[in-house]
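Undergrad: Here is the input, now give the coordinates:
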Amino acid sequence: MDTPMTVVSVNVGTPQRVRVSDGMVLTSIFKSPVATRVAVLTNNISGDRQADLSVHGGPYKAVYCYPEEHYQFWRGQLADIELVPGIFGENLTTRGLTEEAVNIGDRFRVGSVVLQVTQPRMPCYKLGIRFGRKDILRRFLQSRRSGFYLAVTKTGDLAADDDVELLARDENKVSVTDIVRVWVEDKGDVDTMKRALNIGSLPETWKEPFRDRIEKALS
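TA: Alright, predicted model coming up:
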């Protein structure tokens, strides 16, 4: 990661009810940039709240990061939509941190906060609500531009334009891209899945299916 790493935008949102074809849905995917420094707590960023804590938020999904580098790709794909920071539901729009370069378990300092990479983001139907089109879920997954979640290992504060400092690389060398690849395509890649099992920050919701796949592959 020789490219300078920085926070382009910090984005927050609170739950709101949105009308869909079959009723109302509560979602926090609509996020907007903030201009001030914000506190980062154990489970989220101050001013940001998750609508469904069973699938969002918590220690393994406290902060969602999405690379600014992907915006150019999506502008080519979604020319009719104005793509502004936070549109993918991310808390941090960043520069210099892409999925193939970032490993699960890597630790970073941003402002006075220490964050650790935990897992890729798998899209849910609320991304379709944000973009007003159901096909965005398929296109998002196929693009392999997932972004990634971070755990907060040291609380503090951060802001747009803060530098992102790499503190430690995880020794297992399993990138965010690797996890998406073995989850979607290379389901028999036993070596990568074995290394993933050694990563302390990767949640059990990923490890358990990997264990099952390894057992089947080796049986």
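
Undergrad: helices or strands up against the longest helix seen in the chain?
TA: In the chain, with assignment by DSSP state H, the single longest helix is helix 204-218. Judged by 3 or more CB pairs under 8 Å, 6 or more residues apart in numbering; DSSP states H and E, the packing partners of helix 204-218 are helix 176-184, helix 190-197. Every residue, glycine included, has its C-beta placed from N, CA and C.

Undergrad: the inter-axis angle of the first one versus helix 190-197?
TA: Taking axes from the mean of the first three to the mean of the last three CA atoms, to 10 degrees, helix 176-184 and helix 190-197 form an angle of 120 degrees between their directions.

Undergrad: Check which helices and strands helix 176-184 sits against.
TA: For helix 176-184, the packing partners by 3+ CB pairs under 8 Å, 6+ apart are strand 113-120, helix 190-197, helix 204-218.

Undergrad: So for residue 158, which of the ones you listed sits nearest?
TA: With CB to CB, the closest approach to residue 158 among these belongs to strand 113-120: 5.2 Å.

Undergrad: So for the residue nearest the centre of the chain, what's the nearest residue that isn't a sequence neighbour?
TA: The C-alpha lying nearest the average C-alpha coordinate of the chain belongs to residue 148 (CA atoms, centre = their mean; 2.5 Å). What sits nearest to residue 148 in space, not counting adjacent residues and going by CB to CB, 6 or more residues apart in numbering, is residue 176, at 4.7 Å.
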